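> please work out how this folds:
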Amino acid sequence: MPIRSLSVVLSAIALGISAQAIAKDAPKAATQTITVPGLSKPADILIDRWGVPHIYAKSEDDGFFAQGFNAARDRLFQIDLWRRRGLGQLSEVFGPAYVEQDRATRLFLYRGDMQVEWNHYSPDAQRIATRFVAGINAYVDWLVKHPEQMPFEFRKLNYTPAHWAPEDVVRIRSHGLTRNLQSEVARANVACKASLADDTIRFGLQPDWQTQLPEGLDPCLPKDLLKVFTLATQGVKLTPESLKGVDIDSTPTVSAAAATNLEETMEGSNNWVIAPGKSTTGRAVMANDPHRAYSAPSLRYIAHISTPTLDVIGAGEPSLPAVSIGHNGHVAFGLTIFNIDQEDLYVYELNPANNTEYRYKGGWEPFTVLHETVKVRGGAGDATSRPVDLTFTRHGPVIYIDAEKHRAYAVRSAWLSPGMSPYFGSVGYMRARTFAQFKQSMLNWGAPTENQVYADTKGNIGWVPGGLAPVRPNWDGLLPVPGDGRYEWAGFWRGDQLPSTYNPKSGYFTSSNEMNLPADYPYRERKLGFEWTNGSRHARIDEVLAKLDKVSIEDSMRLQNDMVSIPARRLMALLAPLSSSDADTQAALNLFKGWNATMLADSPQAALHEVWFTHHLGRAFKSAVLSKAGADAMGAPDTAVMLDTLEHPQGSERKFGEDPQQAAAKRDAVLLASLKDAWADMMKRQGPNPQAWNWGELHHNLNAHPFAAIVDEATRGKLNVGPTPEGGSPYTPNQSTYRASDFLQTNGPSFRTVVDVGNWDNSRAVNLPGQSGNPDSPHYRDLAPLWLKGEYFPLLYSRKAVEAATESRVHLVPAK
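Numbering: from 1, shown residues only. Have a look, this model is predicted:
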């Protein structure tokens, strides 16, 4: 849909003009009728002009069946790949290069009692999953009779999509936004090569906390310790070499993990809820923009399931039933990561006389070893079997055995416990009609750990964090620990022991993955976690909302696209009084004068700032406040720690010195010298005319298809969406995490929504690059122009509005 037309639509809705009037010139929707075994009564899928499916069924069973059928219709290759990756079945279709990834992934499957697993969700969870996968399987069976409709990915690699079991929906855990294990390893690496105190420059702990080496821990870890864990939790990398059976090892060493800039790897989100008294509409507002990996098709999928007993719309992962972000006609809900530490690395002493046993509480305990076979596709397309061993301790999967030093390493993770299927807990809260019901249903939410915000039609707003939080009686979870029985979890903190908020006095609540434990929260007792995402996005959002007397829907849309960087603002304040006798350094200072710290794509200042910040300032800062060993043991310093130290340079430990004047002078020298280097860097990158420098020429958005590396250039251009110039930074509300090496965006807000609670048809959304996974579909990339301009489409809810905007229909008829 043209941008100009979209603006007309949004303006019309804001003015209360009916969607019927908007669509009066729309062509009559085409209808496809499909006979489907497994459906009890006819159901309809109305696809609107933005590619959103609105599913109308006579029962919830048929509604979730149709959701599964439609997910397969639009995203079959994506969800089939998700399932194969999660279950460890890649080798069956891609060949021997994926055996190690399959083995690694199988280590992290849920392997407990399935009835116990289902019982941890809402009472109807198993039924919902069963009906959802029945719908997927019905579409797979339909393709057998209509092979011309088979998605091209299957045809290219000559295999067919698999059937699903209900258990597949919940057993897969390794996509649950894991993060703490790598940081434990990085912290141990700094402690090994320098000192634990130096690690406070790599990652500042919040709330106030000092960690210490656990008794009995050797912090010097094996180089390849993370290989198996990384394979288990990464996506699928398809290359011409890997499809020929060549194993391409791109997993990080311990040193590389420690050197990784955490702002490049940590995924986050923004959300907020506005009370009616602070809203221009007199109704509550909910806004949410999850920051996840960019891809084609999108990670998220928007769907609407309408039955006589349930009417829910929003976004979720296409491989799961229900939605996790959206509304049900009574309440709206949205999520961001809440940084509970759910992982621990255990280090075991092996029995020198029998390396199949490890020390535990004064004795030797045997490993549990499961023997499985991995089907492996051969050169002719035939599958053979290869045996793999899966080794476990009482704490969890073994990821490394150091036979020379007689040590083993295993991961204990809360997300392998019953009820921890990522996002599946939404099948409970999607029915809530009151805050009490919503809060109660969040007790069943396990992973990922989330800040859930709530808004209802009665004007109530609230915040409920959710996630399984281990009780660690005698340590903090920040470093690996010996697995000999001295460091054991003592259960989990109850959901009602997490903080929450209901109808705050401010009239709004917002979260952006920052440390948001209340000041009076007993964090020293309930050690939920000490590693939180930088608070700059939250600070900017809070700043804007606090200044607005009333917040409109449009204000929330603008705020989701805001590109003001508070770290850049703080650095500009430090540079403002400085001058230099060096011509290049002074030219850089002059370029920054008057800049408002907004990371626009066409900004010369943003380009210089990001090159300075990413490649020069952090390195210079580390060298100034750390020993060479400390600086070499880590990558980029923690942004908050660095800025706080630059603003308050005086001190003896990891500061610039005791004397105030000398400390300030050393700080200024670091700023100016690194800025001079950045200026020279920009001259090489974008030429001698600073006014022609452009952040967007360095910084691109690319939504890559999994086949991007295995097809020719013309096909790649059809599959990929982008690259396109983009603004923003990791610290702006319009978040842009990028690779330091080439500034390519790695994750950000591919899905955005603003919900007008009660006037549902006035809600907005956008999903980059589009709804469909079919490159030939008009809805594969049609939303990219809107997203790039910070625009949205109406997230229609009422049947009347949906009918008016319907572009095509799929009529599902039960088989006789």
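> helices of the stretch 601-750 of the chain, residue ranges please.
Remark: helices assigned in the stretch 601-750 of the chain by DSSP state H, counting those that start in this stretch are 604-612, 618-625, 628-632, 639-647, 660-686, 695-698, 713-719.
> pLDDT on the first one, on average?
This means helix 604-612. Mean pLDDT, helix 604-612: 99.
> relative to helix 660-686, how tilted is that helix?
Angle, helix 604-612 to helix 660-686, by axes from the mean of the first three to the mean of the last three CA atoms, to 10 degrees: 110 degrees.
> and helix 604-612, what does it pack onto?
Here helix 604-612 touches helix 583-592, helix 660-686, helix 695-698, going by 3 or more CB pairs under 8 Å, 6 or more residues apart in numbering; DSSP states H and E. The way it works is simple: take the backbone N, C-alpha and C, and place the C-beta from them, glycine included.
> my guess is Arg433 meets Val331, correct?
Yes - taking contacts as CB atoms under 8 Å, Arg433 lies within contact range of Val331: 6.4 Å.
> highest mean neighbour count out of the helices and strands packed on helix 604-612?
Of all the helices and strands packed on helix 604-612, helix 695-698 has the most neighbours on average by mean count of other CB atoms under 10 Å, namely a mean of 20.
> can you tell me what sits against that one?
Helix 695-698 is contacted from outside by 599-604, 606-607, 610-611, 685-686, 725-727, 743, using CB atoms under 8 Å, 6 or more residues apart in numbering.
> picking that back up, closest one to Val144 among the helices of the stretch 601-750 of the chain?
The closest of the helices of the stretch 601-750 of the chain to Val144 is helix 713-719. By CB to CB, the value is 25.3 Å.
> any buried residues in the closest one, and which?
For helix 713-719, burial by neighbour count (16 or more other CB atoms under 10 Å) applies to 715, 719.
> chain center to that helix, what's the gap?
A distance of 26 Å separates the centroid of the chain from that of helix 713-719, by CA atoms, centre = their mean, to the nearest Å.
> now it: average pLDDT?
According to the model, helix 713-719 has a mean pLDDT of 97.
> so Asp289, which of the three states?
Three-state call for Asp289 (DSSP: H, G, I helix; E, B strand; the rest coil): strand.
> and the helices and strands packed on helix 604-612 as CSV, adding distance to Tyr792 and mean pLDDT?
Below are these laid out as CSV (distance: least, CB to CB, whole Å; pLDDT from 0 to 100):
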stretch, distance to Tyr792, mean pLDDT
helix 583-592, 33, 99
helix 660-686, 32, 98
helix 695-698, 21, 98
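> filter the contacts of helix 695-698 down to the buried ones, PyMOL style.
Buried residues within the contacts of helix 695-698, by 16+ other CB under 10 Å, are selected in PyMOL with:
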select buried, resi 599+600+601+603+604+606+607+610+611+686+725+726+727+743
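> in space, not sequence, find me the middle residue of this structure.
Centroid-nearest residue in the chain: Arg292, 3.6 Å away (criterion: CA atoms, centre = their mean).
> wait, which of the helices of the stretch 601-750 of the chain is closest to Phe108?
Once these are compared by CB to CB, helix 713-719 is nearest, at 29.3 Å.
> list of residues touching that closest one?
Outside helix 713-719, the residues that reach it (CB under 8 Å, 6+ apart) are 296, 704-705, 707-708, 711, 775.
> one step back: looking at Arg433 and Val331, which one has more neighbours?
Taking other CB atoms under 10 Å, Arg433 and Val331 do not tie; Val331 has more neighbours (27 against 14).
> identify the bridge partners of that one.
Asp456 (DSSP bridges).
> was I right about it contacting Val453?
No - counting by CB under 8 Å, Val331 does not reach Val453; the two are 10.4 Å apart.
> need the overlap of contacts for the two.
Common contact partners of Val331 and Val453 (CB under 8 Å, 6+ apart): none.
> where does the prediction get shaky in the stretch 251-400 of the chain?
Along the stretch 251-400 of the chain, the parts satisfying pLDDT under 70 run over 251, 256-267, 379-381.
> neighbours of Glu117, how many?
21.
> how about it: what's its closest non-neighbour residue?
Using CB to CB, 6 or more residues apart in numbering and skipping residues adjacent in sequence, the residue nearest Glu117 is Pro418, 4.8 Å away.
> who's in contact with that neighbour?
Pro418 is in contact with 110, 112-113, 116-117, 119-120, counting by CB under 8 Å, 6+ apart.
> ok, Thr281 next?
Per CB under 8 Å, 6+ apart, neighbours of Thr281: 552-553, 756, 759, 762.
> keep only those of the residues you listed that are in helices.
Taking DSSP state H, the ones among those that sit in helices are Ile553.
> from the contacts of Thr281, pick the one nearest Glu148.
For the contacts of Thr281, the closest approach to Glu148 (CB to CB) belongs to Asn762, at 40.9 Å.
> what about Gln210, distance to His615?
Distance, Gln210 to His615, by CB to CB, to the nearest Å: 31 Å.
> quick one on the thing from earlier: need the helices and strands packed on helix 604-612 in a markdown table with distance to Tyr400, can you?
What follows is those, written out as a markdown table (distance: least, CB to CB, whole Å):
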| stretch | distance to Tyr400 |
| --- | --- |
| helix 583-592 | 46 |
| helix 660-686 | 38 |
| helix 695-698 | 38 |
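> any idea which of the ones you listed gets closest to Pro96?
Proximity to Pro96 (CB to CB) singles out helix 695-698 among these, at 39.0 Å.
> I'm done for today, thanks for sticking with me.
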